[in-house]
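Here is my input; please provide its structure:
(2 chains)
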Amino acid sequence: MNAKRIRRLKEYSLGYMFILPWLAGFLAFMLWPFIYSFYLALTDYRFSADYSFVGFGNFAELFASDERFHKSLWVTTKLVLLAVPLKLAFSLGIAMVLNKGISGLSFYRTVYYLPSIIGGSVAVAIMWMQIFGRGGLINVFLQMFGIQGKDWIFNPDSALYTIVILMVWQFGSTMLIFLAGLKQVPKEMYEAVSLDGAGRWKQFRHITLPLISPVIFFNLIMQTIQTFQTFTQGYVITKGGPVDETLFMVIYIYQQAFSSLNMGYAQAISWVLLVIIGFATVIHFIASRYWVHYEDSDGKKGRRL
Amino acid sequence: MVYKKKLLAVIASLLALGTLSMACSKADDGKEPAGTAAGDKIALRFAWWGSEERHNATLDAIKLYEEKNPGIDIVPEYGGWDGFTDKLKTQLIAGQGPDVIFAELAWGIDPNYYVSVDKFPSIRLDKINPALLDQAKVNGEIKGVPVYQAVNAIVYNKTLFQELGVAEPKNDWTWADYAATAKEITEKSGGKVHGAADDMAGSASGDIFYAHLKSLTGKPVYSEEGIVYADEDAAKVLQYWEDLRDAGAVTPPDVAAADDSNQNSPLVTRQAAMQFRGASIFGRLQSNTQDELAMVPVPRDQFSSDAAITEVIMTVNTHSKQQEEVAKFIDFFINDLDAARILKNVRGVSSNSEVRDMLASSPELLDDSTRKLFEINSLVYEKELPPMDPTPEKYDEFRGGGKLFDQVMQKLAFDKISLEEAVKELRDKGEAIFKN
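Down below sits the predicted model:
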């Protein structure tokens, strides 16, 4: 080895030294569990030493005969399809209002961000029951019009929607990102088009939306991934019930793994979830070519995969 | 200068590595079955669940034990009920867990994780109700000391009964009386109060089904192998509850789903006037309402539904390194009268006859709720009681909280399936569970 290589090796080793804490954590707590989980998904591991390799048996059972799994797939998909667009639309709306240059912006920013922090807590669960419960706020309001309400949370027909509303209510982080995006849009553009006679809607449609489309895309991807992994909201408020109407996939994974101790089976579900999330993300990227506009891409849309 | 910076960087990363490896070795410590000496003291981990009142009493009892035994340090691990069983199951399987365990055999944890308590001469079992001890046996070995004599009861809102002018239920009443009373309450309140909570759709569904079916047939519901009831008998029980639902005599199913046996219990929110519950939670329900609550034994049919019920056992973790010491502590916790004066009835009426006699003769120790718990307990247990059916393996998957039985009953109550489908689903999926 010549002196140069030795010196370079020294430099590298220093670099590795710097990232060692992260690297060790990544290897021990992410990569290894990741690999091991796939191995377990192919077994009937139930925490005891004697278990056997079942190949893709778990997956076959999941898709062929597990009705609760089918239900959890359907319920999770419904949640994503409802909660993600609603949340994005809502947080974009609020961000646009805040972007109007009202005074006390930092106060509102903080206030609206709060629900995102406390979202999955027990306190919120109790509050939600106070609002949507049988004697809750909504029903008191309905009663003024002579309508007899029901328990919205613990009714199979409405349980999921109360969770959707909860998730929309936690719009803080997406709103902040939108707000940052909106601030980037040059004011001159609005001035220019308004001189040409474009109204509010046209300004929004042809200036705001294209210019913040990368931000929308980012939020869309992040929210889709997060929403597929919803656990706390469903677990704290409804425990997956009633009649499995809020049995999101991660709750089902938890139940199988830690309540029924079918760890191998639970791993199989989590791998199905991973594939679904990966698939959804790829779809988003492909679709993005048709609607996401990058200013530095000479008018071409989308990023290459 | 550059050299110095490099040195600093190396030191910094080494430090980071150091903390990391320390964190790892700490985790290893945790893995080791507790009982490692803290100073010169022997530390015993002790886990339980419950409410504030139970926590305080238990902590006081622990303090007393530590005063009497200066060499012992009891490390309490306590919290609410949510997630307790899941945590314990996972810990035991991982070769860890508390030294002193509170558990139910019905939770489906492999009983091999518990050391048989009859192996320890320091645990005196002579005062413990033998019918309860029998049920704590697995393959002839007593897997834990029954903590209390469990009793199921119908808890009712006495104030509401009086307001509506409905006759209060009496001991030795029948399921027909129960239905008639429930309907009367719904009628007299103009539908504002339902006669009873729909317990067949709630978290106690498995227990009330068992009690109801027993009183109807007197025959076993479960055997070691699984379910042994006849489908037509099960259908009769479910039909009875469907009829109550149709008559509006019980609460709508969403009320049962929201019920937490605490402040959202329909009994304390005045949505229902009667509810089937384990009598040991009476105090908790009473503390959530200004109304006066009372208890009466579960209705009967041709047969009584009463039984000697072992629910919670206190036992020794096989992974514990201080099993002798754990045994001594268990003996104190169950049999010591000074401990009993502190613990009173926070875990129900004791399985130990000496403790029961002591409490019965010290009324100043008991408040109103615990006295009522005492009364119904003696009323039921003064009879010769049959034991509960044996607990089949995988029982928890069939009947545990939120498992198959609860799911099917909820679907039926919400009209998602028919009664025939419910009975069939219990049979088919139940047998599939027990066959595995």
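
residues from the stretch 201-350 of chain B in reach of chain A?
Selection of the stretch 201-350 of chain B residues close to chain A by C-beta under 8 Å from any C-beta of the partner chain yields B:Pro252, B:Pro253, B:Asp254, B:Val255, B:Ala257, B:Ala258, B:Asn264, B:Thr269, B:Gln271. Bear in mind the C-beta positions are built from the backbone N, C-alpha and C, glycine included.

For the first one, give me the pLDDT.
As summarised for this prediction, B:Pro252 has a pLDDT of 94.

what residues are up against it?
A:Lys150, A:Asp151, B:Asp198 (C-beta atoms under 8 Å, 6 or more residues apart in numbering or on different chains).

switch to 10 Å and redo it
A:134, A:150-151, A:154-155, B:194, B:198, B:201, B:245, B:266, B:271, B:413-414 (C-beta atoms under 10 Å, 6 or more residues apart in numbering or on different chains).

who wins for neighbours among those residues?
A:Phe154 (30 neighbours; other C-beta atoms under 10 Å in any protein chain shown).

Low-confidence regions, the chain specifically.
Using chain A here. Applying pLDDT under 70 to chain A picks out residues A:1, A:119-120, A:296-305.

oops, chain B please
Chain B contains residues with pLDDT under 70 at B:1-39.

what's the domain layout of it?
Chain B breaks down by automatic domain parsing into domains covering B:37-147+B:311-375, B:152-305+B:394-435.

what helix or strand does B:Val75 sit in?
Using DSSP states H and E, B:Val75 maps to strand B:72-79.

Which neighbouring elements make contact with that strand?
Helices and strands touching strand B:72-79, by 3 or more C-beta pairs under 10 Å, 6 or more residues apart in numbering or on different chains; DSSP states H and E, are strand B:37-38, strand B:41-49, helix B:52-68, helix B:84-93, strand B:100-104, helix B:323-335.

before we move on, back to that, identify the farthest-apart pair in the residues of the stretch 201-350 of chain B next to chain A.
Maximum pairwise distance in those, criterion C-beta to C-beta, is 15.7 Å, between B:Pro253 and B:Thr269.

which of these two has more neighbours?
The neighbour count for B:Pro253 versus B:Thr269, taken as other C-beta under 10 Å, is higher for B:Pro253 (27 against 18).

What separation is there between B:Lys435 and A:Ser65?
For B:Lys435, the distance to A:Ser65 equals 15 Å [C-beta to C-beta, to the nearest Å].

can you check B:Asp357 too?
Separation of B:Asp357 from A:Ser65 (C-beta to C-beta) stands at 56 Å.

now do A:Ser48
Counting by C-beta to C-beta, the gap from A:Ser48 to A:Ser65 is 24 Å.

How about B:Val138?
On the measure of C-beta to C-beta, B:Val138 and A:Ser65 end up 32 Å apart.

between the two, who's got more neighbours?
It is B:Val138, of B:Val138 and A:Ser65, that has more neighbours when counted by other C-beta under 10 Å, with 17 against 10.

and the nearest residue to that one once chain neighbours are set aside, what does it touch?
Spatial nearest neighbour of B:Val138, chain neighbours left out: B:Pro111 (4.5 Å); criterion: C-beta to C-beta, 6 or more residues apart in numbering or on different chains. Applying C-beta under 10 Å, 6+ apart to B:Pro111 gives the contacts B:103, B:105, B:136-139, B:141, B:143-144, B:313, B:315, B:318, B:391, B:393.

Rebuild the domains of chain B as JSON lines, extending it with distance to A:Glu188.
Formatted as JSON lines, these follow (distance: least, C-beta to C-beta, whole Å):
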{"stretch": "domain B:37-147+B:311-375", "distance to A:Glu188": "57"}
{"stretch": "domain B:152-305+B:394-435", "distance to A:Glu188": "56"}
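
what residues are up against residue 100?
The chain I'm using is chain A. A:Leu182.

sorry, should have said chain B
B:34, B:44-48, B:74-77, B:314-317, B:320, B:322, B:325-327, B:329-330, B:333.

Now for the most centrally placed residue in chain A: which residues touch it?
Nearest to the geometric centre of chain A sits A:Gln226, at 2.0 Å (C-alpha atoms, centre = their mean). The contact partners of A:Gln226, by C-beta under 10 Å, 6+ apart, come to A:Val80, A:Ala83, A:Val84, A:Lys87, A:Met167, A:Ser173, A:Thr174, A:Ile277.

Among these, which one lies nearest to chain B?
Proximity of those to chain B (C-beta to the nearest C-beta) peaks at A:Met167, which lies at 20.6 Å.

what's downstream of the helix or strand hosting the closest one, the next helix or strand?
Taking DSSP H and E as the criterion, A:Met167 maps to helix A:159-169. For helix A:159-169, the succeeding helix or strand toward the C-terminus, using DSSP H and E, is helix A:172-184.

For that following helix, what is the distance to the chain centroid?
17 Å (C-alpha atoms, centre = their mean, to the nearest Å).

quick one: the helices in the stretch 1-150 of chain A?
Ranges of helices within the stretch 1-150 of chain A are A:3-26, A:32-41, A:57-65, A:67-98, A:105-118, A:122-132, A:137-143, based on DSSP state H, counting those that start in this stretch.
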